[in-house]
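> attaching a predicted model along with its sequence, questions to come.
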Amino acid sequence: MWYGGYSPHCVAMLRVVDLLLEQTVRLLSVVREVLEVLMTAGTIKKVVADRGFGFISAEDEKEYFFHRGGLDASLDFDRLVGGEPVEFEIESSPKGPRANKVRSA
């Protein structure tokens, strides 16, 4: 027997899919609230202008590689000389951790 154009099995499946979709949306909203990006502070240590990269000496006493493509619009790579205070995110790369989204502090 058909109900409203759908078989009883189809209606039951639609209810299950609807519940799963609702749970997925709830989980995504929780994940968005928990996601937090930690910025690290440091100072530009060295710039290799002709190669387009440099190094940052961070407050955690580690050095991080950065590429000119990882700079925020607040910094002009061609004007960096070293000693500029910056904030950045640490990301993993095949060669180890590096600075990304580097911006002026």
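Thanks, I have it.

> list the buried residues for the helix or strand hosting residue 45?
Using DSSP states H and E, residue 45 sits within strand 40-48. Buried residues in strand 40-48, defined by neighbour count with 16 or more other Cβ atoms under 10 Å: 40, 42, 44, 47. In this view, the C-beta of every residue, glycine as well, is placed from N, C-alpha and C.

> of the residues you listed, closest to residue 61?
Set against residue 61, the nearest of the buried residues of strand 40-48 by Cβ to Cβ is residue 42 (9.8 Å).

> what's the nearest residue to that closest one if we skip its chain neighbours?
residue 58 (3.8 Å; Cβ to Cβ, 6 or more residues apart in numbering).

> and the residue nearest to residue 53 when sequence neighbours are not counted, how many neighbours?
Spatial nearest neighbour of residue 53, excluding adjacent residues (Cβ to Cβ, 6+ apart): residue 67 at 5.0 Å. By the measure other Cβ atoms under 10 Å, the count of residues near residue 67 is 16.

> so how far is residue 60 from residue 67?
20 Å (Cβ to Cβ, to the nearest Å).

> tell me the contacts of the spatially closest residue to residue 74 that is not a sequence neighbour?
Leaving aside its chain neighbours, residue 74 sits nearest to residue 104 (4.4 Å; criterion: Cβ to Cβ, 6+ apart). With contacts defined as Cβ atoms under 8 Å, 6 or more residues apart in numbering, residue 104 is in contact with 72, 74, 75, 84, 85, 86, 87.
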